[in-house]
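In: model the following, please.
(2 chains)
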Amino acid sequence: MRLLLVEDDVVIARELLLRWSSRGWTAQARTTLAAAEEALASKPGNPPYDLIILDLGLPDGDGVDWLTHRRRDDRRIPVIMLTARDRIADRVRGLQSGADDYLVKPFDPDELDARIEAVQRRGQVSRGEHLRYGRITWLGDQGLAFVDGRSLELMPREFEVLGLLLGRAPRLLPKRWLIDALAERNLNLADSAAEVYVSRLRRKLAGSSATIRTLRGFGYVLEVGVEKDA
Amino acid sequence: MPGPRRARWLKVDLLLRLMLPLLVIVAAAAGFGAFTAQQLTARVYDRWLVDAARSVAAQVRFEQGAAALDLPPIAESILLFDDNDRIYFAVEQGGRLIAGSAGIPGAGENEARLARGAAYDSTFDGQAVRVARVTLDRGDAEAVTVLVAETGLKREHSAQELVAVMWPMLALIVAAGLSILLAVRGAVRPLQVIASRWNDRSPVSLQPVGDDGVPRELLPFTAALNGLLARIRGLLARERQFAALAAHQLRTPLAGLQLGLARAAKAADVAQARAVIGELRQATERTTRVVHQLLALGRIDSEHRGDMNFVDCDLVSIAEDVGAACADRALARDVDLELVAVERPVSALVAPDLIAELLANLLDNALCYTPAAGRIVVEVHAHPVTIRVSDSGPGIAEDEREAVFDRFVRGRTARGEGSGLGLAIVREIAALHQATVALTDSAWGGTSVTIAFAPA
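Out: Numbering: from 1, shown residues only, chains lettered A, B, ... in the order given. Coordinates of the predicted model:
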C-alpha cells in the first residue's frame, strides 16, 4: 500500500513512517499542502497513492479547505484526517469536505492502522475487487465469499451487508450507515428489514470463525478469527 | 458602529438645539414688534396730517358755489410750522387752485384710508412727501379738495428710534446665549468628570468605579460598567482557577510518565522494559483523557460566558454517534452496549456539541467502572425528554452522590483511570440546558444517571 502523509510535526511523521515501513507499507511524508499537491500531481515519476493521511493545521493552509477544493475534481484517493480538533462540528466539517475517516490526536497508532486498512478495504469492496480479511475471502466481482475456505451461499443483499461489515471491521458498522448504504443501492427497505438481512447473514456464518456481534440500537460488528499462516 | 471621527459632541448638540430656536424666536418677536410699531406710528402721523387738512378745510367758505379760503396769516404759519419737516398745502375746486402751493399730486402710492380722509406717498417739489387729502362735498357746489403734504423726516426719525428699541433685544439674546452655554457646560461636566475618573484608573484595574456625584441619568451606565467589570473579574478568577487545576492535573500524570520512562531505561532486559512501557501506555491514555476533559471543561466555561448556540436536534442521532464512537472500547472489554429509543426522533433545543460531550462523559464513566462482560444501556425518551445511561458497575454510595459532581472529586469505588472531571462536566452542561441530573441505582446494581430536560 502506498500512503502519503501530510503532517508538519516531525516527530509524528518520523514515528508513523518507521511504523508503516516495518509493516511493509510504502509511505512518504510532506510537510505542506503545496508539497502534497506536487507529490499527487500525475507525472511519470509519481506513482499513484492509495491513501492520504492529512493533518489539518498546516503551515500553508487548512487541510479541510484543501480537501474540499481537491474533491471537486478527484474523488478517487481516500483520505483520513488526523487532527487535534475534537469538536463534533469539526468532525462533521471534516467528513463533509470529503474525508473517509477522522482521527483525533493523540491517537493509538494501532487504531490508525486499523482505520487505514478499513478505508482501504472499503475502497476494494466498492470497486468490487478481491480481498481477504482474516479468514474471510471476498470476491466482489463474482459475488462470492468464503469463510475458513468454505463457500457461503449468500443472497445478493446478504452479500452487500457482508461487504459493508468488511468495510468497517473490526469497528462497529452503525445501524444508520447500514440502512443508508442499502437505501443508496435502491434497496428500499425499512429499518427492521436491515436487521432481517443481518440475522440471515449471521445464521449463514454460524459455525464459522466469523461472527456478527450486535450492539443493540447502535449497530453491528464483524468479528473474524485471524488466519494463521502455516 | 460609527468611528470616533463621526461621533457627535453632546455639548455642541445641546447648544445647537437650544440656541437655534432661541434665535428664531427672538428674531421673529423683534421683527413682528418692529413691523407693528412701524404701522402704528405711520397711522398716527397720517391721522395728524389728515387733521391738519381738515383744519384747513374748516376754513373754506362758499359764496354762490365758489369756494374761498379764509385763513389768517397767523393761522397759516401755525399750520405750516414744524420743527423737522416742511409742510405744503393746496385747496382746489374742480381742478382750480384756490389757495396754497400748486402741483401737489391728488393721488399716490400706499394709500391709507382714514375716517375722514386719505393719506398716500408721492413726490412734490423734488422731495418725497406724504400727502393727506380731505374732500368737502356740500352738494350745492362743486367739491373742494384740500391737500396737505409733509416731508418724511419725522417718520424716518421715529423708524430709527424703533431700531434703537431693538438693542435691548440683542442684549437679551446674548444674555440668554451665555446662560445656555453655561448651563450646557455645567450639565455635561459630570460626564467629563466621570470619564476622566474612569480613564485615570489603572488600565488593568477591574475594581468597580464609584458612583458618587454621578447624575441619576448616568447611574445605569455606571451600574452596567460595574456589572461588566464584575463579570470579567469572575471570568478571570475562573480562568485562573482552571489554569491552576489544569496544571496540577497535567503535571501529575506527566510526572508519572517521567518516572516510568526512567525505570524503563534502567530495565535489566527487554522483557522488563516492555512491561514498564505497557504500564506507561495506560498512563498516557489517562493523560489523554484528562487533557480532553480539561479542554471540554474550558470550552463549557467559555460557552457559558458567551452566547450559547442552541439548535433543534435529534437526541437519538446524537446518542447513536456518541455510542458508535465508544463502541470500540465496549467491544474490547466485551461490554454489552445498548441503545433504547422507542420513539425517534426525540427533538430538543440543545447545543449538540455539549450534549455529545455530556453523553460521551457518561459513557466514559460507565465504561470505566463496568466490569468486563458487563452491561451499559443508553435510553432516550421523548415524554418528557430524558437521556439515561445505566451500567452494571459497582454503583456510587448514596452519601457520595452529591460530592461526585464536584470537579476532581471521585467516588470510593473509583479506580485508577478517572480524573474526577466527568460528572462535573455532565452537571455543568446539564445546567446550561436547564436540565436536571439525577443519580440512582441501576436495575443491575450499578449507577444510573438521568438527564431530564425542562419541558419546552
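
In: wait, B:A29 touches B:L172, no?
Out: No - with contact defined as CB atoms under 8 Å, B:A29 does not count as touching B:L172 (9.6 Å). All C-beta spots, glycine's among them, are computed from the backbone N, C-alpha and C.

In: right, and the helix or strand after the helix or strand where A:Y197 lies?
Out: Assigned by DSSP states H and E, A:Y197 belongs to helix A:191-205. Later in the chain than helix A:191-205, the nearest helix or strand by DSSP H and E is strand A:210-215.

In: tell me which helix or strand comes right after that following strand.
Out: From strand A:210-215, the next helix or strand downstream (DSSP H and E) is strand A:219-224.

In: can you name the residue of chain B nearest chain A?
Out: Minimum separation of chain B from chain A (CB to the nearest CB) falls at B:L339, amounting to 2.6 Å.

In: I'd say that residue and A:G219 touch.
Out: No - when contacts are counted by CB under 8 Å, B:L339 is not listed as touching A:G219 (9.3 Å).

In: okay, these two: which has more neighbours?
Out: Set side by side, B:L339 and A:G219 show more neighbours around A:G219, with 26 against 21, by other CB atoms under 10 Å in any protein chain shown.

In: just name the shakiest helix or strand of chain A by mean pLDDT.
Out: helix A:88-96 (a mean of 82; mean pLDDT, DSSP states H and E).

In: just confirm yes or no for it near chain B.
Out: Yes - remark: helix A:88-96 sits within contact range of chain B at A:I88, A:A89, by CB under 8 Å from any CB of the partner chain.

In: give me the helices and strands touching that helix, please.
Out: strand A:79-83, strand A:101-104, helix B:352-369 (3 or more CB pairs under 8 Å, 6 or more residues apart in numbering or on different chains; DSSP states H and E).

In: residues in contact with that helix?
Out: A:L56, A:V64, A:M81, A:T83, A:R85, A:Y102, A:V104, B:D321, B:P352, B:D353, B:A356 (CB atoms under 8 Å, 6 or more residues apart in numbering or on different chains).

In: count the residues that sit near the first one.
Out: Taking other CB under 10 Å as the neighbour definition, A:L56 ends up with a count of 24.

In: what does the fourth one give?
Out: Around A:T83 sit 20 other residues, with neighbours defined as other CB under 10 Å.

In: and it, how close does it get to B:L40?
Out: 94 Å (CB to CB, to the nearest Å).

In: also B:L219?
Out: B:L219 is 55 Å from B:L40, by CB to CB.

In: check B:E285 too.
Out: In terms of CB to CB, B:E285 sits 106 Å off from B:L40.

In: please apply the same query to A:V196.
Out: A:V196 is 112 Å from B:L40, by CB to CB.

In: and for A:A39?
Out: 104 Å.

In: who has more neighbours, these two?
Out: Remark: of A:A39 and B:L40, A:A39 carries more neighbours, 16 against 11, as counted by other CB under 10 Å.

In: I figured the more buried one hits A:R2, correct?
Out: No - counting by CB under 8 Å, A:A39 does not reach A:R2; the two are 10.6 Å apart.

In: what's the overlap in contacts for the two?
Out: Contacts common to A:A39 and A:R2, judged by CB under 8 Å, 6+ apart, are A:Y49.

In: in its sheet, what does the longest strand belonging to chain B sit against?
Out: Ordering each strand of chain B by length in residues (DSSP state E) puts strand B:127-136 first. Applying DSSP bridges to the sheet, strand B:127-136 is found paired with strand B:117-124 (antiparallel), strand B:144-151 (antiparallel).

In: adding mean neighbour count, write those out as CSV.
Out: Listed next are the strands paired with strand B:127-136 as CSV, based on neighbours: other CB atoms under 10 Å in any protein chain shown:
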stretch, mean neighbour count
strand B:117-124, 19
strand B:144-151, 25
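
In: nearest to B:G177, of those?
Out: Proximity to B:G177 (CB to CB) singles out strand B:117-124 among those, at 39.6 Å.

In: for the closest one, give me every contacting residue.
Out: Contacts for strand B:117-124 (CB under 8 Å, 6+ apart): B:46, B:49-50, B:53-54, B:88, B:101, B:103-105, B:107-112, B:128-135, B:149.

In: quick check: closest non-adjacent residue to the residue in chain A that chain B sits nearest to.
Out: Taking CB to the nearest CB as the measure, chain A has A:G217 as its residue closest to chain B, at 2.6 Å. Leaving aside its sequence neighbours, A:G217 sits nearest to B:L339 (CB to CB, 6 or more residues apart in numbering or on different chains; 2.6 Å).

In: list the residues that contact the one you found.
Out: Counted by CB under 8 Å, 6+ apart, B:L339 has contacts A:L215, A:R216, A:G217, A:F218, B:V316, B:A319, B:E320, B:G323, B:V377, B:V378, B:E379, B:V380.

In: that one should be in a strand, yeah?
Out: Yes - counting by DSSP: H, G, I helix; E, B strand; the rest coil, B:L339 is located in a strand.

In: which positions in chain A make contact with chain B?
Out: A:86-89, A:106, A:108, A:111, A:170-172, A:174-176, A:213, A:215-219, A:221.

In: if we can go back for a sec, give me the beta-bridge partners of the residue nearest to A:G217?
Out: Under the criterion used (DSSP bridges), B:L339 bridges to B:V378.

In: so how far is B:A175 from it?
Out: In terms of CB to CB, B:L339 sits 85 Å off from B:A175.

In: what about A:D74, how many neighbours?
Out: 11.

In: what kind of secondary structure is it in?
Out: coil.

In: per-residue pLDDT, it?
Out: A:D74 is assigned 73 on the pLDDT scale.

In: quick one: the helices in chain A?
Out: A:10-22, A:33-40, A:63-70, A:88-96, A:109-126, A:156-168, A:175-184, A:191-205 (DSSP state H).

In: where does chain A have low pLDDT?
Out: A:185-189, A:226-230 (pLDDT under 70).

In: and the spatially closest residue to B:V322 that is not a sequence neighbour, how far is that from B:L339?
Out: Excluding its sequence neighbours, the residue lying closest to B:V322 (CB to CB, 6+ apart) is B:L359, at 4.4 Å. Distance of B:L359 to B:L339, computed by CB to CB: 11 Å.

In: start and end of stretch A:166-177, how far apart?
Out: 13 Å (CA to CA, to the nearest Å).

In: wait, a strand at B:A348?
Out: Yes - when three-state DSSP is applied, B:A348 is found to be in a strand.

In: about what we covered before: and the contacts of helix A:88-96 as TSV, adding distance to B:R6?
Out: Putting the contacts of helix A:88-96 into TSV (distance: CB to CB, whole Å) gives the following:
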residue	distance to B:R6
A:L56	42
A:V64	39
A:M81	46
A:T83	44
A:R85	40
A:Y102	48
A:V104	47
B:D321	50
B:P352	41
B:D353	40
B:A356	45
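
In: from those, which is closest to B:R17?
Out: B:D353 (51.5 Å).

In: what's the closest one in contact with, if anything?
Out: Contacts of B:D353 by CB under 8 Å, 6+ apart are A:R87, A:I88, A:A89.

In: which among those residues count as buried?
Out: Neighbour-count burial (16 or more other CB atoms under 10 Å in any protein chain shown) is assigned, among these, to A:R87, A:I88.

In: and B:A237, how far is that from B:A243?
Out: In terms of CB to CB, B:A237 sits 11 Å off from B:A243.

In: same check, this time on B:P215
Out: For B:P215 relative to B:A243 (CB to CB), the value is 41 Å.

In: returning to that earlier point: how far away is the residue of chain B closest to chain A from B:I173?
Out: For B:L339, the distance to B:I173 - CB to CB - is 85 Å.
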